[in-house]
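Participant: just coords:
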């Protein structure tokens, strides 16, 4: 069953005051507390709010500006930007859950759609460009998945499979995208595990993908990967709808 709430993995290292302030403002911006176009309070007011000095706030604002969540405009102050138009994929980790810890179905559904679109073309590139060592690496990962019983490890190996697939495709951009979302695998492992209700079927599907890549059959590799990700997407939507029905108040 899809988890109602997903507990993030606790951070071991102590966060600096700058990071704490930046994280709080970042969450407020992404959750809509500060909508696009709204001005943030002056630095002195924010310093008083967070009980820190002005220089800490200034450094936190620098982080938000680098993330393209705010813009400092002479004479207008600090204005919140629309993250959908300006931010990078780095904000996805903050959007997967709502402010009260619930799964955001819109964001996760969008993630699965994007993964399907990207992975299908990566598979086609891999079929056209793979080397023998790429093929051996993919087969090794699929074999490990087949022996694994722990769902969290299956999910980790799934990431490794797509990492190797991107390498076989010979295009650096997919790997950079995977780097950006790697942290999601650890932070939201319970959510990802809901996508592996039939791990044996996933392993079998990946085995067919590797066979298609070995045969340099780009169309078949593309079709198989599209099917796998479409199944995951539909499963997530179905599970979330079931959860919504189970949580809905009984009619009088």
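Facilitator: Cool, the structure landed. Given the structure is predicted, the values throughout are model-derived calculations rather than measurements.
Participant: residues contacting the residue lying closest to residue 40 once chain neighbours are set aside?
Facilitator: Leaving aside its chain neighbours, residue 40 sits nearest to residue 78 (4.4 Å; criterion: Cβ to Cβ, 6 or more residues apart in numbering). C-beta here means a position set from N, CA and C on the backbone, and glycine is covered the same way. Counting by Cβ atoms under 8 Å, 6 or more residues apart in numbering, residue 78 touches 39-40, 61, 70-72.
Participant: residue 199 too?
Facilitator: With contacts taken as Cβ under 8 Å, 6+ apart, residue 199 has the following neighbours: 145, 148, 151, 154.
Participant: now swap in residue 223 and tell me
Facilitator: The neighbourhood of residue 223, defined by Cβ under 8 Å, 6+ apart, consists of residue 120.
Participant: surely it is in a helix?
Facilitator: Yes. Under DSSP: H, G, I helix; E, B strand; the rest coil, residue 223 sits within a helix.
Participant: from residue 119, how far off is it?
Facilitator: Using Cβ to Cβ, to the nearest Å, we find residue 223 at a distance of 12 Å from residue 119.
Participant: same deal with residue 218?
Facilitator: With the distance defined as Cβ to Cβ, residue 218 ends up 13 Å from residue 119.
Participant: which of the two has more residues huddled nearby?
Facilitator: Looking at residue 218 and residue 119 with other Cβ atoms under 10 Å, you find the greater number of neighbours at residue 119, namely 21 against 18.
Participant: contacts only, for the residue lying closest to that one once chain neighbours are set aside.
Facilitator: With Cβ to Cβ, 6+ apart as the criterion, residue 119 has its nearest non-adjacent residue at 5.0 Å, and that residue is residue 225. When contacts are counted by Cβ under 8 Å, 6+ apart, residue 225 touches 116, 119-120, 122-123, 209.
Participant: mind running it again at 7 Å?
Facilitator: Residue 225 makes contact with 119-120, 123, 209, according to Cβ atoms under 7 Å, 6 or more residues apart in numbering.
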